[in-house]
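>>> I would like to see how this sequence folds:
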Amino acid sequence: MIPSQDAHTTSIESHTSQNNGGFGKLLLGLSVGLGIAAFLYFDFGSYLSLEGLKSNRDHLLAFTEANYSAAVVIFVFAYCLVVGLSLPGGTIMTLAGGFLFGSVLGTLYVNVGATVGATLAFLVARYLLRDWVERKFGSRLGPIQEGFAKNAFSYLITLRLIPLFPFFLVNMVSGLTRVRIGSYMAATSLGIIPGSFVFAYAGRQLGTINSLKEIASPNVLVAFTLLGLLALVPIFYRRLAGRPT
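Residues are numbered from 1 along each chain as shown. From the prediction side, this is the model:
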C-alpha cells in the first residue's frame with residue numbers, strides 16, 4: 001500500500017519539528033554554558049556579597065560615572081546571569097543597582113535583568129532540567145503547581161509580590177507548568193517592581209554610608225522601615241486569605 005501524500009507530509013513536518021526542538025535545546029544549553037563561562041571569566045562572584053560590594057565601592061562608582069552606558073549593560077547582563085543560572089546574590093545585585101544608578105533607574109535595570117534572567121531559568125527548567133527539578137524539589141512542587149492550575153497569571157503575580165517561595169524555585173517550577181511564556185514574563189516583570197524598588201532604595205541610601213554613625217540617618221532609617229514593612233506583607237496576606245468571603 002502506497003502512503004498517502006498527507007501522511008508523507010505529516011511525517012516530514014514531525015521530523016522537522018523534532019529537529020527544530022533538538023536545535024533549540026542545543027542552543028539553550030550552549031547559552032547556559034556561555035553564561036557560566038562569562039560569570040567565571042569576569043569574576044562576578046567576587047561582587048556578590050556585601051563585603052565585596054563595599055570593598056569595590058569606589059571602583060564601581062568611578063567606572064559607572066566614566067562609562068555609564070557600559071556599566072548599565074554589564075549590570076543588566078550580570079543580573080541576567082545570576083538569575084538565569086539560579087545563583088545566590090540577587091539581593092546584593094539589587095542593592096548594587098540602587099547604589100550605582102539610583103532608586104528609579106536602578107529598579108528599571110533590575111527589572112530588565114531579573115525578567116530576562118527569570119525567563120532563561122524558566123526555559124532551562126522546561127526544556128533541559130525537568131526531571132532534575134522534579135527529583136530535587138518534588139516535595140515542594142505540589143502547592144505551587146496547584147496554584148498555577150487555577151489561575152496561572154494571578155497566582156504568579158502573587159508569588160512575585162509576596163515571596164512565599166524562593167525566587168529561583170518559582171522560576172524553575174513555572175517551567176514545569178503550562179503557563180505561556182508571555183504571561184510568565186508579564187507577571188514576573190510586574191510582580192517584582194515593589195520589592196525591587198524597596199531594595200534599590202535601600203541600596204541607594206546605604207551607598208552614602210562612610211561610618212557607623214551614619215547608619216542612624218533619616219534616609220537609612222526610612223530604607224530599613226520599608227524593608228521591614230515588605231517583610232510583614234506575607235503575614236497580612238495569610239490573615240486576609242484565611243478570612244471567609
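>>> residues of the helix or strand where residue 110 lies that come out buried?
Per DSSP states H and E: residue 110 is located in helix 103-127. Neighbour-count burial for helix 103-127, counted by 16 or more other CB atoms under 10 Å, picks out 103, 106-126. (Glycine included, C-beta is placed from N, CA and C.)
>>> helices or strands next to it in the packing?
Using 3 or more CB pairs under 8 Å, 6 or more residues apart in numbering; DSSP states H and E as the contact test, the elements touching helix 103-127 are helix 5-41, helix 68-84, helix 90-101, helix 167-175, helix 181-191, helix 193-206.
>>> Dump those helices into a markdown table; add distance to residue 151, mean neighbour count and mean pLDDT as well.
Compiled in a markdown table, the helices and strands packed on helix 103-127 are given as follows (distance: least, CB to CB, whole Å; neighbours: other CB atoms under 10 Å; pLDDT from 0 to 100):
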| stretch | distance to residue 151 | mean neighbour count | mean pLDDT |
| --- | --- | --- | --- |
| helix 5-41 | 28 | 11 | 59 |
| helix 68-84 | 24 | 19 | 93 |
| helix 90-101 | 26 | 24 | 90 |
| helix 167-175 | 14 | 22 | 85 |
| helix 181-191 | 10 | 17 | 91 |
| helix 193-206 | 20 | 22 | 83 |
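>>> I'd like to know which of those is closest to residue 50.
Residue 50 sits nearest to helix 90-101 of all the helices and strands packed on helix 103-127, at 6.4 Å, using CB to CB.
>>> Of the helices and strands packed on helix 103-127, which is nearest residue 58?
Nearest of the helices and strands packed on helix 103-127 to residue 58, taken as CB to CB: helix 90-101 at 11.8 Å.
>>> Please list the residues outside that closest one that contact it.
Identification of contacts with helix 90-101 by CB atoms under 8 Å, 6 or more residues apart in numbering yields 47-50, 52-53, 57, 60-61, 64, 71-72, 75, 78-79, 82-83, 106-107, 109-110, 113-114, 167, 196, 199-204, 206-207.
>>> same deal with stretch 61-79?
Applying CB under 8 Å, 6+ apart, the set of residues contacting stretch 61-79 is 38-39, 42, 44, 47, 90, 93, 96-97, 100-101, 109-110, 112-114, 116-117.
>>> try it again with 10 Å
Stretch 61-79 is touched from outside by 35, 38-39, 42, 44, 47-48, 56, 60, 89-90, 93-94, 96-97, 99-101, 105-106, 108-117, 207, with contacts defined as CB atoms under 10 Å, 6 or more residues apart in numbering.
>>> could you measure the nearest residue to residue 175 once chain neighbours are set aside against residue 160, distance?
Setting aside the residues directly before and after it, residue 175 is nearest to residue 125 in space (CB to CB, 6 or more residues apart in numbering), at 3.0 Å. Residue 125 is 16 Å from residue 160, where distance means CB to CB, to the nearest Å.
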